[in-house]
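Asks: Take this sequence and fold it.
(one chain, ligands or ions: 1)
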Amino acid sequence: MMEFTGHHIVITGASSGIGEATAEHVAALGARVTLLARRADRLEALAARLGAPAQWQAVDVADEDALGAALDAAVAQAGPIDGLFLNAGTGGTFAPAEAYPPDAFARVLAVNLLAPFHAVARVLPVMKARRRGAILVTGSLASERGMANNVAYVASKHAVLGLARAIALEAAPFGVRCNCVVPGFIETEMLSGLPHDALQQLAAKVPQGRTGSAQELAAVAAFLLSDAASHVTGQSIAVDGGLLGTLTV
Ligand SMILES: NC(=O)c1ccc[n+]([C@@H]2O[C@H](COP(=O)([O-])OP(=O)(O)OC[C@H]3O[C@@H](n4cnc5c(N)ncnc54)[C@H](OP(=O)(O)O)[C@@H]3O)[C@@H](O)[C@H]2O)c1
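Replies: Predicted coordinates:
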């Protein structure tokens, strides 16, 4: 059975969308939650709403020192980390590779790949020593497929899946797990900029004929962060209504 009583779960990108929904899900099952993202007002409101022990810190995950300090403070305040959900992500811009601004490319890599790497490096030693812990990264359909004019995002999401698989192998002998959850088209702020017609076109590509909700993603993320997934590691699990099972994506 999935439950989180006494577990400390740290979530990056917790101020909206998938991170917010996962915080709500695990808090409802008894977790102590640490919420990390940049928008302090959103984090403060979520922490108040959770009605469970919750703390938050406003941090740009691309700032290695600030991220490390936030993780250390999370441990100081709520104890060792049982589950680390590295979910903060940015889409970058759309441009052909030859015109993709190098600084935008570096920024996407810093948020989507380097931040998870630095977070894992900070947290894994204690998880290994405790012989306990679950790490989860958020990938994308772009972890598994190419996408034109989106080189930075695709490269970063392929790489973060690779990071999860490599960490899973290093951590497995120590009783620590690492997995990747792959959202399909999930209705969050990341998709909310799209016109209604474009959203409908995306939904039409999904075998289930619809987009997914942040809550549907959160249910799977919570499972992978929980002890119910104790024999699941090194996996990439899509929550996509069947998209990756088709020939057309
Ligand atoms: N929705 C989809 O269809 C979809 C599909 C594939 C993959 N994903 C992935 O899912 C993850 C969550 O996205 P979402 O769909 O839930 O969209 P979202 O609502 O826009 O959430 C993105 C989260 O990342 C945080 N974030 C972004 N840059 C950050 C930074 N530099 N430092 C700290 N936090 C940062 C944002 O918080 P602040 O702005 O407050 O910092 C926000 O909480 C991302 O990794 C995204 O790539 C989503």
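Asks: separation between the most centrally placed residue in the chain and I18?
Replies: Centroid-nearest residue in the chain, with C-alpha atoms, centre = their mean: N87, separated by 2.0 Å. Counting by C-beta to C-beta, to the nearest Å, the gap from N87 to I18 is 6 Å. C-beta coordinates here come from the backbone N, C-alpha and C atoms, glycine included.
Asks: Identify the contacts common to the two.
Replies: Residues touching both N87 and I18 by C-beta atoms under 8 Å, 6 or more residues apart in numbering: T138, A221.
Asks: Distance from the chain centre to stretch 117-127, please.
Replies: Its chain's C-alpha centre and that of stretch 117-127 lie 15 Å apart, by C-alpha atoms, centre = their mean, to the nearest Å.
Asks: CA atoms only for the longest strand anywhere in the chain, dumped as PDB, please.
Replies: Longest strand in the chain, counting residues (DSSP state E): strand 176-183. The C-alpha coordinates for strand 176-183 follow below in PDB (Å, rounded to 0.1, in the frame of the first residue of the first chain):
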ATOM      1  CA  VAL A 176      18.500   3.600  -3.300                       C
ATOM      2  CA  ARG A 177      16.200   3.800  -6.400                       C
ATOM      3  CA  CYS A 178      16.100   6.300  -9.300                       C
ATOM      4  CA  ASN A 179      13.500   6.500 -12.000                       C
ATOM      5  CA  CYS A 180      12.200   8.900 -14.700                       C
ATOM      6  CA  VAL A 181       8.600   9.800 -15.100                       C
ATOM      7  CA  VAL A 182       7.700  10.900 -18.700                       C
ATOM      8  CA  PRO A 183       4.700  13.200 -19.100                       C
END
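Asks: Can you name the residues in contact with the longest helix along the chain?
Replies: Identified as the longest helix of the chain according to DSSP state H is helix 151-171. Helix 151-171 has contacts (C-beta under 8 Å, 6+ apart) with 86, 91-93, 97, 100, 104-105, 108-109, 111-113, 116-117, 120, 124, 127-128, 133, 135, 137-140, 142-147, 177-180, 182, 233-236.
Asks: Mind listing what's buried along that helix?
Replies: 151-161, 163-165, 167-168, 171 (16 or more other C-beta atoms under 10 Å).
Asks: quick one: the residue nearest to the centre of the chain and T138 touch, right?
Replies: Yes. Under the criterion of C-beta atoms under 8 Å, N87 makes contact with T138 at 4.3 Å.
Asks: list the residues that contact both of those two?
Replies: Common neighbours of N87 and T138 (criterion: C-beta under 8 Å, 6+ apart): G13, I18, A221.
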